[in-house]
Every structure is written in structure tokens, then in C-alpha cells.
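**Q** Quick one: sequence and predicted model below, then my questions.
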There are 2 protein chains.
Amino acid sequence: MINKNLFLVVIAGGSGTRFWPKSTSKRPKQLLNFHPSSVSLLEQTLSRFDQLVSPEKKMIVTTQFLKQAILEMELRVEILAEPQGRNTAPCIYWAARQVAEKNPKGIMLVMPSDHYIARPDSFISVIEKAAQWAAENDDLVTLGIEPSRPETGYGYLKTSPISENKSSLLPKRVESFIEKPSLEKAQKFIQSGDYLWNGGMFLWRAEVILKAFDAFMPEMKKAWNKSLGKIEEVYPLMTATSIDYGIMEKAKNVVTFPLDCGWDDLGSWTSLENLAVSLHAQQGSNVVTAGEVLAMESERNIIDTPKRFVALLGVNDLIIVEQGEALLIAHKDRSQEIRKIVEETKKRRPDLI
Amino acid sequence: MINKNLFLVVIAGGSGTRFWPKSTSKRPKQLLNFHPSSVSLLEQTLSRFDQLVSPEKKMIVTTQFLKQAILEMELRVEILAEPQGRNTAPCIYWAARQVAEKNPKGIMLVMPSDHYIARPDSFISVIEKAAQWAAENDDLVTLGIEPSRPETGYGYLKTSPISENKSSLLPKRVESFIEKPSLEKAQKFIQSGDYLWNGGMFLWRAEVILKAFDAFMPEMKKAWNKSLGKIEEVYPLMTATSIDYGIMEKAKNVVTFPLDCGWDDLGSWTSLENLAVSLHAQQGSNVVTAGEVLAMESERNIIDTPKRFVALLGVNDLIIVEQGEALLIAHKDRSQEIRKIVEETKKRRPDLI
């Protein structure tokens, strides 16, 4: 059911190139799709909330650099284009001002634009509970993800019960934010059951987050008032930091609703393998997200080569990606090192990044 | 020095696809080059004899199917287009009739069109001696290659001295032709020193080979006379067999001049690695015959990807070839099995073969 006070703020400014050459600075991950028949991750994120948020209350915060590419997607939602990227705190401040102006009771659901949700129905039902909570409590709600493995690449939330009542309608209190832990620590986190992954998803009333900005980052309001909200003038004056570091780690009124909905951050090519078959076409034991593949005695490869017929003979565990003039062939064990390739390619062929 | 009686007959009808997808049925190996800055193997073969054979005495025997592609190369030599491929005996008979008609003393040098010669000068000096011998003796000269390894993929010539005189101006007598041997036999051949590889290169007076045809394949002359030399009518009547089987294995007047000139038959992608650096560009320990390559912790790969920037990360011993819509990625150990890929691709995408 549409919640008339709920606004969706999708943050889509990222320019990561972990999916290079499919992703480039001009075509970052959120503008891509990973299935021959599906739409971009950004569009998936927007439409995931169709039953909760009406179209005129959806907005995308992105960079000037990506604005044109997003306009061409004709998404029919408001686009806030940052003059420059300054991490998440400034763009969330800007969006909060927009929401508060439109609706003093406005609730903001802040979402990254480039993740995958396997079970959207259970995701939506948690969002509904969280929105209800945020409407009735002056809390900053973060949506923590039930961890499925001792991942060392994510931040964690340490939680404690908010009351002795174990109702799933109640959130947990967030005791602290923990940066990427060691494997040993991550394993302890999983065993204790008190920790959640920090997925960068938030929900709060605009007035509550603006109050938190006034308390922990008072320079934001000063900058805003000094330039009368003219964004080109405000932005250079704002502190370029993350909402986690600037607000969440300092605030005392942080709670979390745990999510168990098949979340995946699509952090690298190999993450595609962990996902449900629904996301991508499988050919034998190879994952083919685009292109036609003939595999002979070749297994566990990930292939994204639109417009190409790829013949594999006796090769295993490769990432094979083509986009325009660039072709990447990497061993899956090295998927975290694709950034090295990107750095080196930037020197030789900046046009391909 | 130009030998006015010497004719060059280059056989260029092959349609092998061992270099697929770079080679296809329409663009077989002999029409390809394997170095960014060089010409096709066929052109290399023709120009290798510039100092011995004048242009109007060079001819190419090919198939109707390839004629247009060869015409477009503007090679300015005579092209004999076979109505259909019928192995080497018919096309050599046809070429011998052409040469005999033009010059009753004509000597034919019969060459495949798709091999590589690392040391053309020593090659040419052997050809000169062999041409001299063929002019003065009614022998069928075959050019045997000094074997460098116990190769089981080639045929061998068993030789014996022609006289006690050890002059290198004298050929050896060929005792017999031996089909692809077992490894054990091949090793014995190498040890004995009496064996050479059969490279399918021949040299003889046209009248001498025509006499041999009359002796061992008399049906050839009958077919020729019956159809008054009209090639469309002659060809279906000729016996489709190899010159080795039809003539050479039966004739008693076969001699050979051994060649030690860095010959390579370019039988597969891996053979490119064995060749001199002069043939191809090397980047680190990868062999790049076309395309731009960025290799990080990637070694011993063979890459032929014109028009593409290929980034390799943590991959070794791969054959990476792109042509048009097709991309092949094969482990080098499997280079002899590329025909399997070709067979399967033919079923799915005959346009790519």
C-alpha cells in the first residue's frame, strides 16, 4: 500500500569499475543489467518500491557526470545532480532538505542503486515496518543485513535488544558501527548472533536526520543558509564525508530492522555466481550474462560478451568480459584485483575506462 | 639469378580450420598473415622466389571457392581455379600440362602456400641446386626437411646415398615414403640420420612428371585427351588422390635435396611459439600476433585479436583469437582439438566457419 509520507532517495553517484570493462566511469554498475532480458540495477531499485512509494516521491541523487546518461533512461523521477561527488553526507543532507520542504512529516528511505535483492516481498515487508517505526519514533533506522558468511569486506552493526519483547515489529538498538573486520573477528561476529552487515540503507523522518546534522555536522546548515540553498555554491562548502562517519557512528538514536531477503552487493564478477539462477542465464556450469557460448570441457566460467559467439576449449574459472574495444580475461581468483587492470589501462587507454 | 626455365606452382586450395576463427573456409590459413606488419603466407611464398622465377612463370592452383578472394589480392600471377578440390595429383597434372605447353624444357617447382621459412637464403640455394639437377636428370626431386624432433604428425622419406661422393651438390636417393609413424619409430628415424620429413615440396621437368603420370596414372592422359583439356570436363574424370600416393611412392627415380632452413608448417597456434621472434610481436612472454595486450601476471599466452585491447589478469597458456563475431579461448594443451570446436560451431553457426 502506498505510504503517502514515504519518499525514496536512491543514491546513484558511484563510479566504481569493479565490473570493467562492462562498467566504465560513464557507465557505472548501477546503469548496467546483468541478465540479457532485464533492466538496469537502478531501474530495478526504483521499481522495487512501486507498491510503497508513488512516482512523484522517488528521487535519484547522482553526479553531473552521470546526469545525462540517467536522463536518457527516461525514468520519470526527480533527479538531483551533485556538482561534484562529496561522499554520502552532503547528498543525504540535500535530499533531506528537499523532502522536508515538500512534506514536514516526510520519511526518507535512502537506498544504494546497485545491489540485488533475491526476495523483494520479504524486503518490502521489513521496509513497511521500519517506515511505521520511523513515523512514530525520533530514531535513525538503518537496515542491517543478516550475515550469511564471515565477510571481511563489509562493515558490521553491533546490536542489542531494544526491549525484552521479542516482537519482530520492534527494531534492535545499534550499539556501534564496526569497519571491515579481520576474519577472526568476523567469525566471532557470526557466532554471537548480535551483528548485522551494514548495507548503507537508511530510513528516517527528514526532520530527524536534519536535527542529527545540526548536532553532529552543524557546518552543513551554515553552508546551506549562507548560499540560500544554491547547490553549486553549497556543495564546495559541505564536508565531504560519509553519513556513517559523520552522523550514524555518533548518534545515540540508531536502531535497525534486520533484513533476510537475499541481499547481494554485486561486489565483483564472482558475486554473480552466488546469486539465484533467476538473475542470469546458465549454460552447463558456466554463467553467461550476455552473449552466445559454446563450452567444451570448460567449467565455472563467467561470460559477459554481448554480440559475440564465444568458443571455450579446456578452460576453467575465467571471467571473460567484452565491452566495445576492451576484452578482459581474468582468473576468478583475481576478481578483486581488476582495479589494478583498470589503473594500468587508464594510463594507456583512458578512453576505455 | 632468374632461371628462365623455372616455373613456380603454388598449391593454395586448402581449407583447414586449425586457426579458427582467424582462418575460416573462406579465409584459409594461406590467405592470412601472422604478424601485424606482414603479408599473407601465400604472398610470402610467391615473393620468396623473386630472384629465381620471373613473375609470368608463377602460378597459383586453387579452388573456384577461393578464386575471388585470391583475385582481390591482386598478385599479378596466373591463377588456375580447380572446379572442385580433388587432392594434389589432378592439380599437379594440370599444372604440368600448362608448363610443358609453354616451355618443353620447363621445370616445375611445386610448393604448398602456407608454410614458414625462417632462413630463405639457404632455402633458395638448395632450390637452385635442385633445379640444376632436375634440368640435367630425368629424376623426380622432392625437398626433404632435416627433422628437428621425432614428430609423429608428419610423413618421412627414407633416404640412401646416391653415390660415394658426399658432395652437397648431389641429392640423396629416396628409398620409400613412410606415413605418420609411431613415436618409437620416429625416434629411431631421427637417430639413424637417414630420414627426412616430407614437406610436399617437389621439383621436376614437366615432361618427367608427365611421363610418370603416363606410367602410374595413365587415366589422367585419357581424361585430358577425351575432353580436349577443358578443365570442367577433365576434373570429374581424374583420380582424386595425392601425388605422393599416385606417383611418388611408386616411381623409382625419386631423389631428395635435404633442406635445413627453419621450415615450419604452421600446423597450429602453438607452432607460432616455436618460430623466430621475427615472425611475430612479443610482449613479455606472451605472443601477440594482432591486437593490443595488457598482461598482468599472465604468461605464455598466444593472442590474435585485431582491433581489440585485451587485458589479461592471472591467466596462463591460453590461445585467445578473435575474428568477426567469433572469439576462441582455448588452453594451449588443446590446440589439436580446435577442430572439435569447429565441427560443433558448424552445426550452430555455419556462418562463422
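**A** It's in. Numbers count the residues shown, from 1 in each chain, chains lettered A, B, ... in the order given.
**Q** Next to chain B, which bits of chain A? Give me the list.
**A** Within chain A, the positions near chain B by CB under 8 Å from any CB of the partner chain are A:21, A:292, A:294, A:296-297, A:305, A:307-315, A:318, A:320, A:322, A:325-331, A:333-334, A:337-338, A:340-341, A:344-345, A:348-349, A:352. Yep, even glycine has a C-beta here, placed from its N, CA and C like the rest.
**Q** Go through those and flag which are in strands.
**A** Using DSSP state E, the members of the residues of chain A next to chain B that fall in strands are A:292, A:294, A:296, A:305, A:307-313, A:318, A:320, A:322, A:326-331.
**Q** Narrow the residues you listed to those that are buried.
**A** By neighbour count, with 16 or more other CB atoms under 10 Å in any protein chain shown, these hold A:292, A:294, A:296, A:305, A:308-313, A:318, A:320, A:322, A:326-331 as buried.
**Q** Which parts of chain A are helices?
**A** Secondary structure of chain A (DSSP state H): helices at A:41-47, A:64-71, A:88-102, A:120-136, A:183-192, A:206-216, A:219-226, A:231-237, A:243, A:271-274, A:338-348.
**Q** Export the longest one to PDB, keeping only CA atoms.
**A** Which is helix A:120-136. Extracted as PDB, the C-alpha positions of helix A:120-136 are listed here (Å, rounded to 0.1, in the frame of the first residue of the first chain):
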ATOM      1  CA  PRO A 120      11.700  -8.500  -2.700                       C
ATOM      2  CA  ASP A 121       8.500  -9.400  -0.900                       C
ATOM      3  CA  SER A 122      10.200 -10.000   2.400                       C
ATOM      4  CA  PHE A 123      12.300  -6.900   1.800                       C
ATOM      5  CA  ILE A 124       9.200  -4.700   1.300                       C
ATOM      6  CA  SER A 125       7.500  -6.100   4.400                       C
ATOM      7  CA  VAL A 126      10.500  -5.100   6.600                       C
ATOM      8  CA  ILE A 127      10.600  -1.600   4.900                       C
ATOM      9  CA  GLU A 128       6.900  -1.200   5.800                       C
ATOM     10  CA  LYS A 129       7.600  -2.000   9.500                       C
ATOM     11  CA  ALA A 130      10.600   0.300   9.500                       C
ATOM     12  CA  ALA A 131       8.600   3.200   8.000                       C
ATOM     13  CA  GLN A 132       5.900   2.800  10.600                       C
ATOM     14  CA  TRP A 133       8.600   2.900  13.300                       C
ATOM     15  CA  ALA A 134      10.300   6.000  11.800                       C
ATOM     16  CA  ALA A 135       6.900   7.800  11.600                       C
ATOM     17  CA  GLU A 136       6.300   7.200  15.300                       C
END
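**Q** Break chain A into its domains for me.
**A** A:6-264, A:276-352 (automatic domain parsing).
**Q** Any chance of a markdown table for those, columns mean pLDDT?
**A** Below are the domains of chain A laid out as a markdown table (pLDDT from 0 to 100):
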| stretch | mean pLDDT |
| --- | --- |
| domain A:6-264 | 94 |
| domain A:276-352 | 89 |
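**Q** Is it possible to get those out as JSON lines so that each row also shows distance to B:Val39?
**A** Formatted as JSON lines, those follow (distance: least, CB to CB, whole Å):
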{"stretch": "domain A:6-264", "distance to B:Val39": "32"}
{"stretch": "domain A:276-352", "distance to B:Val39": "25"}
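**Q** Between those, which one is closest to B:Val254.
**A** For these, the distance to B:Val254 is smallest for domain A:276-352, at 40.2 Å, taking CB to CB.
**Q** Name the nearest residue to the residue of the stretch 101-250 of chain A at minimum distance from chain B, sequence neighbours excluded.
**A** In the stretch 101-250 of chain A, the residue that lies nearest chain B is A:Gly153 (18.8 Å; CB to the nearest CB). Of all residues not flanking A:Gly153 in the chain, A:Lys180 sits nearest, at 6.2 Å (CB to CB, 6 or more residues apart in numbering or on different chains).
**Q** Would you enumerate the residues in contact with that neighbour?
**A** A:Thr152, A:Gly153, A:Tyr154, A:Gly155 (CB atoms under 8 Å, 6 or more residues apart in numbering or on different chains).
**Q** which one of the residues you listed has the most neighbours?
**A** Within the contacts of A:Lys180, neighbour counts (other CB atoms under 10 Å in any protein chain shown) peak at A:Tyr154, which reaches 20 neighbours.
**Q** If the nearest residue to it once chain neighbours are set aside is in a bridge, with which residues?
**A** Leaving out its chain neighbours, the residue that sits closest to A:Tyr154 by CB to CB, 6+ apart is A:Trp197, at 4.8 Å. For A:Trp197, the beta-bridge partners are A:Ile145, A:Tyr156 (DSSP bridges).
**Q** and A:Trp197, how many neighbours?
**A** A:Trp197: 23 neighbours (other CB under 10 Å).
**Q** you'd agree it is up against A:Gly153?
**A** No - A:Trp197 is beyond contact range of A:Gly153, at 9.8 Å (criterion: CB atoms under 8 Å).
**Q** Now do the contacts for the closest residue in space to A:Pro150 that isn't next to it in sequence.
**A** Nearest non-adjacent residue to A:Pro150, counting by CB to CB, 6+ apart: A:Ala186, 3.6 Å away. Neighbouring residues of A:Ala186 by CB under 8 Å, 6+ apart: A:Pro150, A:Glu151, A:Thr152, A:Tyr156.
**Q** between those residues, which has the most around it?
**A** A:Tyr156 leads the contacts of A:Ala186 on contacts (other CB under 10 Å) with 24 neighbours.
**Q** how far away is A:Gln132 from A:Leu6?
**A** 10 Å (CB to CB, to the nearest Å).
**Q** Please say which of those two ends up with more neighbours.
**A** Taking other CB under 10 Å, A:Gln132 and A:Leu6 do not tie; A:Leu6 has more neighbours (24 against 13).
**Q** Bridge partners for the more buried one, pull those for me.
**A** A:Ile107.
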